[in-house]
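[1] how would this look folded up:
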Amino acid sequence: MDTEVSTLHYSDRTEAETLQSPKSDESSRKQRIIFIGIISGTILLISIIVIGAILLANPSAPTERIRDIVIIFMALEFMILGLTLVILIIQLAALINLLQNEIKPILDSTNETANTLRGTAIFLSENLTEPVIKINEYVFALYRLMELIGIRRKKR
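    The predicted structure follows:
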């Protein structure tokens, strides 16, 4: 009987592991691909720098042309960075607009609702709960007085 129970728990565990393994396998595969991409990009960048240094160390290398090409690539890179910054500023403006025009009214409405609920709770406390408690106090005091006088019997 114990072996059947342990076998049952083992089979449940393996089914649960099989159900979870495709998700974890896919995420580990993505992480592996990202890691390989970063490593290969780093190796490519280092090799380009080394090859460029070797070619520029050659006395017959046309350094003026290489310098001009590098300047052109740097200008293109700055243009791309500028365009990226413009897009970032536009997105930031859209986010600020969203916060001011959509989320702020929702927060104001929520705050107003909370204040209304607070007022309702105070009103109920003052006008319903306190009188009921006072009436219960008076009724209990009356019962206790009746018990002391002997009109009513004590509860056991």
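[2] now do residue 99 against residue 112, distance only.
    For residue 99, the distance to residue 112 equals 19 Å [C-beta to C-beta, to the nearest Å]. All C-beta atoms are positioned from the backbone trio N, CA, C, and that covers glycine.
[3] mean pLDDT per helix and strand in this protein: which one sits at the bottom?
    helix 2-57 (a mean of 72; mean pLDDT, DSSP states H and E).
[4] give the next helix or strand downstream of that one.
    helix 63-98 (DSSP states H and E).
[5] can you name every helix or strand that that following helix contacts?
    helix 2-57 (3 or more C-beta pairs under 8 Å, 6 or more residues apart in numbering; DSSP states H and E).
[6] count of residues packed around residue 66?
    By other C-beta atoms under 10 Å, the residues close to residue 66 number 13.
[7] OK, contacts around it?
    52, 55-56 (C-beta atoms under 8 Å, 6 or more residues apart in numbering).
[8] and these as JSON lines, adding neighbour count?
    Shown next, in JSON lines, are those (neighbours: other C-beta atoms under 10 Å):
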{"residue": "52", "neighbour count": "13"}
{"residue": "55", "neighbour count": "12"}
{"residue": "56", "neighbour count": "12"}
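[9] which one of these sits closest to residue 86?
    residue 52 (31.1 Å; C-beta to C-beta).
[10] tell me who's in contact with the closest one.
    residue 66.
[11] ok, 7 Å please
    Not one residue lies near residue 52 by C-beta atoms under 7 Å, 6 or more residues apart in numbering.
[12] distance of it relative to residue 146?
    Taken as C-beta to C-beta, the span from residue 52 to residue 146 is 106 Å.
[13] stretch 43-53: how far from the chain's middle?
    40 Å (C-alpha atoms, centre = their mean, to the nearest Å).
[14] only alpha carbons, please: show it as PDB.
    C-alpha atoms of stretch 43-53 as PDB (Å, rounded to 0.1, in the frame of the first residue of the first chain):
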ATOM      1  CA  ILE A  43      34.200  39.100 -30.000                       C
ATOM      2  CA  LEU A  44      33.300  40.800 -33.300                       C
ATOM      3  CA  LEU A  45      33.800  44.300 -31.900                       C
ATOM      4  CA  ILE A  46      37.200  43.300 -30.400                       C
ATOM      5  CA  SER A  47      38.300  41.700 -33.700                       C
ATOM      6  CA  ILE A  48      37.300  44.800 -35.700                       C
ATOM      7  CA  ILE A  49      39.300  47.000 -33.300                       C
ATOM      8  CA  VAL A  50      42.300  44.800 -33.500                       C
ATOM      9  CA  ILE A  51      42.200  44.500 -37.300                       C
ATOM     10  CA  GLY A  52      41.700  48.300 -37.600                       C
ATOM     11  CA  ALA A  53      44.800  48.900 -35.300                       C
END
